[in-house]
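Q: with the input below, show me the fold.
(one chain, ligands or ions: 2)
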Amino acid sequence: MKPRHPRIAALGLAALALATSGLLAAERARPRNIVIIYADDLGYGDVGCYGAKRVATPNVDRLAREGLRFTAAYATSGTCTPSRFALLSGEYPWRRDGTGVLPGDAALVIDLNRATLPTLLKKAGYTTGVVGKWHLGLGAKGQPIDWNKPITPGPREVGFDYHFIMAATGDRVPCVYVEQQRVVGLDPADPLRVDYQKPFPGELNGVTDRATLKMDWSHGHNMAVVNGVGRIGYYTGGKAAQWVDEDMADTFTKHAVDFIAREKAKPFFLFFATHSIHVPRVPHARFAGKTGMGPRGDAIVEFDWQVGEVLAALEKHGLTRDTLVLLSSDNGPVVDDGYKDQAVEKLGDHRPAGPFRGGKYSRFEAGTRVPFIVRWPGHVKPGTTTEAMVSQVDFAATFAAMAGVKPGDNDAPDSLDVGAALLGQSPRGRDYVIEHSGRLALREGNWKFIQPAPQGVAFNKATATETANSPQPQLYDLATDPGEKTNVAAANAERVTAMGDKLAALQKNPRTRP
Ligand code: NG6
Ligand code: CA
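A: Ligands and ions are numbered 1, 2, ... in the order given. The predicted model follows:
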């Protein structure tokens, strides 16, 4: 039918468009439960559904088969602390001093005056839990942690009802778990003390007692010796509380699965941050030798097993359909990260970074472009793939929107709601992504601009990482050159200037959320 009045017809169309968009937003259902499985140092090419052939990852692959696999999803940073900071706070870590890789006795780096992903979800009625690697500091600034007393502030103050964590990393002391503010299994008669500067007399030392190591170090990791493995930092006491590296994946998985069982009656959010596949790679005997790739490959298989256990727990409690599961990694891959664990020798044709250049510690794509899968039966189409760009800094705004809560004006300042892309309803996520390791890089569409870094080394010999540092600006066309092989900056001077200016403006602006 021909509209009688063109103006009214136009108005009608606009109203229809508004109604539809409103409907879409309102229709974006709220997940009953949310589980984020966050691997450590797992590279884009490390799992089967992203192209790995020599290591079998049936559970990760199953998640992809039942969900949506992203080919352009990013951690904010090339290392752990900054990526985790962004994930929980919705703020770029490079806006804040002190968000680099933290020692095990660092103070909490998350601002308690702002909402976080877990506080937002708590507001929406979710019970929240974190199990695994924390690495965001514990305790108040300027007050050394007393490990023998309740440790606060920490995950609880950041918004987690439940925590069972390691303070930093497996290669940093103290080698103990912390549950609900207390070191697990601590004997009060054997108090635990930590020092990152000087050794405790009488304790084994990675330099003088090197012959006692069951796994030698290649760089760093030569301070305290715990379970025959050299670590970063020194500590004494707390012997009864010491973890067994081989049991770590089992321990974390048990606590994740127990959390699900305990909280199943009401909506929950679980942040399951595995230590796999970070160094020291000491998988359980069940997995040791499984891949022929040495402990790094075996740790991938152990990670995949952990994914399987979480999926099985959801299934067992009838929660599969009601739970949005998101799997990703905190930064790209590294092969030799400080231990002689045969990762280099046994790598063969396995490509941890997939088709990309760089790795952990790098601003080339492999530093931050990570595996990323979302499964939510009935809401996310199974077996699908998307090129939509998303960043982990978006979790706070995205999950808050799904849960129906609004972050305050000062909260999650860099987090964008990319819910439509996350659920595969739109092929478009972000228009640009900022990649960070030391300095920054900007991906806009398929153009990748890398800020010059006059001081940084281009190649880190110890880890064999191409950092992307160069005194010159770099520009790559990821559409034709995903491996960032040909710097086309000279032939595209205008684009280089425009992207450099845009990045500088984003850096200056204290927030990017509209
Ligand atoms: C580095 C460690 C490395 C790893 C990294 C943090 C040395 C020589 N290297 O300083 O082994 O622990 O920090 O990794 O000590 S992350 O994934 O937690 O960011
Ligand atoms: Ca990491």
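
Q: report the central residue of the protein.
A: Nearest residue to the geometric centre of the chain (C-alpha atoms, centre = their mean): Asp330, 2.5 Å.

Q: number of residues surrounding the spatially closest residue to it that is not a sequence neighbour?
A: Leaving aside its sequence neighbours, Asp330 sits nearest to Ser83 (C-beta to C-beta, 6 or more residues apart in numbering; 4.3 Å). Quick note: C-beta positions are derived from backbone N, CA and C, even for glycine. Residues near Ser83, counting by other C-beta atoms under 10 Å, number 29.

Q: for my notes, confirm Ser83 occurs in a strand.
A: No - assessed with DSSP: H, G, I helix; E, B strand; the rest coil, Ser83 is helix; it does not lie in a strand.

Q: what's the separation between the residue nearest to the centre of the chain and Leu136?
A: Distance, Asp330 to Leu136, using C-beta to C-beta, to the nearest Å: 11 Å.

Q: repeat that for Ala73.
A: In this view, Ala73 and Leu136 are 21 Å apart by C-beta to C-beta.

Q: higher neighbour count, those two?
A: Between Ala73 and Leu136, counted using other C-beta under 10 Å, the more crowded position is Ala73 (30 against 27).

Q: ok, Tyr476 - contacts?
A: If a contact means C-beta atoms under 8 Å, 6 or more residues apart in numbering, then Tyr476 has 447-448, 450, 484-488 as its contacts.

Q: just the buried ones from these?
A: For the contacts of Tyr476, a neighbour count by 16 or more other C-beta atoms under 10 Å gives the buried set as 447-448, 450, 484, 487.

Q: now do the shared contacts for Asp330 and Leu136.
A: Common neighbours of Asp330 and Leu136 (criterion: C-beta under 8 Å, 6+ apart): Arg84.

Q: so who does the residue in the stretch 51-200 of the chain that ligand 2 sits nearest to touch?
A: Nearest residue of the stretch 51-200 of the chain to ligand 2, counting by C-beta to the ion: Cys80, 3.5 Å away. Going by C-beta under 8 Å, 6+ apart, Cys80 touches 40-41, 101, 133, 135, 169, 278, 330-331.

Q: just say helix, strand or coil for Ala401.
A: Following three-state DSSP, we place Ala401 in the helix state.

Q: distance check, Asp481 against ligand 1.
A: Look at Asp481 and ligand 1: by C-beta to the nearest ligand atom, to the nearest Å, they are 28 Å apart.

Q: count of neighbours near that residue?
A: 15.

Q: pLDDT score for the closest residue to Ala288 other than its chain neighbours?
A: Take Ala288 and drop its neighbours on the chain: the residue closest to it by C-beta to C-beta, 6+ apart is Asp298, 5.5 Å away. Listed pLDDT for Asp298 reads 98.

Q: Asp298 and His255, how far apart?
A: As for Asp298, its distance to His255 is 22 Å (criterion: C-beta to C-beta).

Q: got it, and Val207?
A: Distance from Val207 to His255, by C-beta to C-beta: 35 Å.

Q: compare the two (neighbour count), which wins?
A: Counted by other C-beta under 10 Å, Val207 and His255 do not tie: His255 has more neighbours, with 22 against 11.

Q: per-residue pLDDT, His5?
A: Looking at His5, its pLDDT stands at 51.

Q: before we move on, what about Ala26?
A: At Ala26, the pLDDT value in this model is 44.

Q: who's in contact with whatever residue of the chain ends up closest to ligand 1?
A: Nearest residue of the chain to ligand 1 (C-beta to the nearest ligand atom) works out as Gly220 at 2.5 Å. Neighbouring residues of Gly220 by C-beta under 8 Å, 6+ apart: 232, 338.

Q: ok, the residue nearest to the centre of the chain touching Ile37?
A: No - using C-beta atoms under 8 Å, Asp330 is not in contact with Ile37; the gap is 11.5 Å.

Q: what about ligand 1: which of the contacts of Cys80 touch it?
A: Taking C-beta under 6 Å from any ligand atom as the test, ligand 1 is in contact with 40-41, 101, 135, 169, 278, 331 out of the contacts of Cys80.

Q: out of those, which comes closest to Phe364?
A: Within those, distances to Phe364 taken as C-beta to C-beta reach their minimum at Asn331, with 12.3 Å.

Q: returning to what we had before: now do the same for the residue of the chain closest to ligand 1: its pLDDT.
A: The predicted local confidence for Gly220 is 98.

Q: which parts of the stretch 201-350 of the chain sit against ligand 1?
A: Residues of the stretch 201-350 of the chain found near ligand 1 (C-beta under 6 Å from any ligand atom) are 219-221, 232, 278-279, 331, 337-338.

Q: got CSV for those, with secondary structure and distance to ligand 2 too?
A: Below are these laid out as CSV (DSSP: H, G, I helix; E, B strand; the rest coil; distance: C-beta to the ion, whole Å):
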residue, secondary structure, distance to ligand 2
His219, coil, 17
Gly220, coil, 15
His221, coil, 15
Ile232, strand, 14
His278, coil, 6
Val279, coil, 10
Asn331, coil, 5
Asp337, coil, 9
Gly338, coil, 13
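
Q: among those residues, the buried ones, what's the ChimeraX command?
A: The ChimeraX command for the buried members of these (criterion: 16+ other C-beta under 10 Å) is given here:
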select :220,221,232,278,279,331,337,338
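
Q: which residues does the residue nearest to Leu475 when sequence neighbours are not counted contact?
A: Leaving aside its sequence neighbours, Leu475 sits nearest to Ala489 (C-beta to C-beta, 6+ apart; 4.1 Å). Listed by C-beta under 8 Å, 6+ apart, the contact partners of Ala489 are 472-475, 496.

Q: need phi/psi at Thr119.
A: phi -70, psi -40 (degrees, to the nearest 10).

Q: got the contact list for it?
A: Shown in contact with Thr119 (C-beta under 8 Å, 6+ apart): 158-159.

Q: ok, now with 10 Å
A: 88, 112, 128, 157-160, 396, 400, 405, 407, 411 (C-beta atoms under 10 Å, 6 or more residues apart in numbering).
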